[in-house]
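Student: Predicted structure and sequence below. I'll ask about it afterward.
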Amino acid sequence: MIFRPSLAFAACLLLATSATAVPAVQHQEHETEATRIARWQQLGYGMFVHWGLYSELGGVWQGKPVSKGYSEQIQGWANIPSDDYLKVAARFAAPKFDADAICKLAKDGGARYIVVTSKHHDGFAMFDTKSTDYNIVKQTPFGKDPLKLLSTACRRIGVGFGVYFSLVDWHAGHAPEVQHNSNPIPPAMEPLIEQQLTELMSNYGPIREVWFDMSAPTAEQSRRFAAIVRKLQPQAAINGRIWNNRGDFVTLGDNELPPATMQPPFEVPASIYHATWGYRSWQQRDDLQGKIRELATGLVQTRAAGGNYLLNIGPMGDGSVVPFEADVLHGIGAWLQRYPGLLDARPSGLPRQPWGATLLRGNTLYLAVHEWHAGALRISGLANDPIAVRVDGGDAALHWHRDGNDVVIELPAATPDVLLPVLRVTLSTPLRAIPANIATANGDGVYRLGKNDWRTSTSYTFGSGYLTQAESRVSLAANIASPRPQRVALRFIAAHARNDRIYHITIAGRALDIAGSELATRALDPFVLPASPATNIDIRLAHSAYPAEDLGLSFDALELRPVAGTPR
């Protein structure tokens, strides 16, 4: 086996590349999947809309606030009998529902797609379905299909359209197990789910995202539900809560920001108030500026890690948007307009910085400064000298100097943006990062990379339901200092690998695909290690069955040992 030029557009940090990227298309049959995920990642920021029969109640039952649980699950938390819950539909007229206004709010707020609840756990369908009379068209004075109105408005206004679909259905037979909502799906419920999914994927034009939620389907059920989406909306991205690793991306926990090692693709579902997603009439709403700052910070932290951010609103029962929530969205939109290009930036590849987040677009490095203090702001690990440093959108240059491997910027005392200031660092060449940990050869010229020399990128895998989450290792990366070109042989020490998997090893832009059985049993053919102050080594699966698939690889060390021969 020999090393060859890599065809992978790897999602790892390469010293002369700009950002974490979508994994490469390595075979024609994977092209649709890779393109679908890449297109979804480019959206970056969406608006969630939780609106349903529960919105009419506004978190109140029999004149008393229901403080337990999310208000969209009020039927379960308040133990409301089905007959009484259905009576709520008789007054659900929603006279102020305005699809254009909702879609325009998303666009003005900077969001590029919306995801709307087509059916929540209560089983009340918020669309015109032939599968059941338990729907908004047949049971309410509103009598219209809001998904049809919203999907049409999205296309007219230029916003992507997506749907939320609960796999839990209290009306169709699931018990309101509100603590975890991990009900198995009985076979008798499958035709209803399949018919409703078919209608949703057939009647509302192009779908950008399908957001499944809760329940505990079997692997076969997850496969069949996903297959309906794949057949009818092949460009739609499916979230991870379809379970059994059938989704296109991982859905993090509610309002959970990504851990430092999180590998895309993933999405952060965020709510304006962490206590609820559906409308709550008695919710405390104050400190507008603080709320905009909190959510803008969450958005930029998510984008800096390579994820999408989905921020929720919960319209009132009359169909109108809560004014405070509209103000929050408009505030985020105005903030994004002050920093054009920020939303399209991707992870920089720099180490995490204690003062905020870094993103990259072309040769422009954005610094979102969460902690603004007069004096020195240190960018750790930036090898490039900037051409200029400015507050993004402004002309006044800030002074900077180099201190070893860091660039230090002098900040003025007054913050230029009370929400979240962003600096723009212009580079003349593609960003080059200096890794925090660079291994060197021992006295015999041997590189021995032990467990502490590797940076691990992680994700989450899921079996049947929310409680089956497990962390996975999707890639390993390390760096070595090689002062001169030399021929070396690579060998894993005490390795255990999956025999049914091919591993993709990239070193300084050259790559090798090797079977797990060979990786664990022999040294690889010699190759030339180039001279570099920080040669990158990356290990991942050549072809993942799903984005979060675990490497299934362990070893005590990776050795690169010099061998005789002249480097060529």
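Tutor: Looks like it came in fine. Please read all numbers here as calculations on a predicted model, not as lab measurements. Residues are numbered from 1 along each chain as shown.
Student: hey, which strand is longest across the protein?
Tutor: Scanning the chain for the strand with the most residues, using DSSP state E, yields strand 470-482.
Student: Mind listing the residues bridging to T358?
Tutor: When bridges are assigned using DSSP bridges, the partners listed for T358 are L367.
Student: Model confidence at it, what's the number?
Tutor: We note a pLDDT of 98 for T358 in this prediction.
Student: Contact partners for it?
Tutor: Contacts were defined as Cβ atoms under 8 Å, 6 or more residues apart in numbering; by that measure T358 touches 304, 348, 350, 365-368, 379. Placement of C-beta: from N, CA and C, glycine included.
Student: Same question for stretch 97-108: list its buried residues.
Tutor: The neighbour-count criterion (16 or more other Cβ atoms under 10 Å) identifies 97-99, 102-108 as the buried residues of stretch 97-108.
Student: now the helices for this structure?
Tutor: Taking DSSP state H as the test, the helices found in the chain are 31-43, 53-57, 74-77, 82-89, 99-108, 136-139, 146-157, 190-202, 219-232, 288-304, 323-338, 516-519.
Student: in the longest strand of the chain, what's buried?
Tutor: Of the residues in strand 470-482, those scored as buried under the neighbour-count criterion (16+ other Cβ under 10 Å) are 472-480, 482.
Student: So K119 versus S166, what's the distance?
Tutor: Separation of K119 from S166 (Cβ to Cβ, to the nearest Å): 5 Å.
Student: Let me fix that, I meant to ask about H180.
Tutor: Using Cβ to Cβ, one gets 14 Å for the distance from H180 to S166.
Student: list the residues that contact both of the two?
Tutor: Counting by Cβ under 8 Å, 6+ apart, H180 and S166 have no contacts in common.
Student: Which of the two has more residues huddled nearby?
Tutor: For the pair H180 and S166, the greater number of neighbours falls to S166 (24 against 11), based on other Cβ atoms under 10 Å.
Student: Specify the beta-bridge partners of the more buried one.
Tutor: Beta-bridge pairing for S166 (DSSP bridges): D213.
Student: wouldn't it be in contact with A125 here?
Tutor: No - with contact defined as Cβ atoms under 8 Å, S166 does not reach A125; the gap is 10.3 Å.
Student: Among the buried residues of stretch 97-108, which one lies nearest to F324?
Tutor: The closest of the buried residues of stretch 97-108 to F324 turns out to be L105 (Cβ to Cβ; 12.6 Å).
Student: For that closest one, which non-adjacent residue is closest in space?
Tutor: Excluding its sequence neighbours, the residue lying closest to L105 (Cβ to Cβ, 6 or more residues apart in numbering) is L329, at 5.5 Å.
Student: contacting residues for the one you found?
Tutor: Contacts here follow Cβ under 8 Å, 6+ apart; on that basis L329 touches 47, 105-106, 108-109, 111, 311, 313.
Student: quick one: it and W335, what's the gap?
Tutor: Taking Cβ to Cβ, one finds L329 at 11 Å from W335.
Student: And M189, by the same measure?
Tutor: The value you get for M189 to W335, if Cβ to Cβ is used, is 44 Å.
Student: what's the answer for T198, then?
Tutor: For T198, the distance to W335 under the criterion Cβ to Cβ works out to 40 Å.
Student: So between these two, which is more surrounded?
Tutor: Between T198 and W335, W335 has the larger neighbour count (other Cβ under 10 Å), namely 22 against 15.
Student: you'd agree that one is up against Q289?
Tutor: No - the pair W335 / Q289 is not scored as a contact, 10.7 Å apart, by Cβ under 8 Å.
Student: Mutual contacts of those two, please.
Tutor: Overlap between the neighbourhoods of W335 and Q289 consists of L419, taking contacts as Cβ under 8 Å, 6+ apart.
Student: that older thread, nearest to R498 among the buried residues of stretch 97-108?
Tutor: A106 (42.9 Å).
Student: residues contacting that closest one?
Tutor: Counting by Cβ under 8 Å, 6+ apart, A106 touches 46-47, 113-114, 159, 329.
Student: pLDDT at it, what is it?
Tutor: Per-residue pLDDT puts A106 at 98.
Student: And it, how far from F48?
Tutor: Taking Cβ to Cβ, one finds A106 at 10 Å from F48.
Student: Overlap in contacts, those two.
Tutor: Where contact means Cβ under 8 Å, 6+ apart, the residues bridging A106 and F48 through contact with each are I114.
Student: from the contacts of L329, which is closest to I80?
Tutor: I80 lies nearest to I313 out of the contacts of L329, by Cβ to Cβ, at 23.9 Å.
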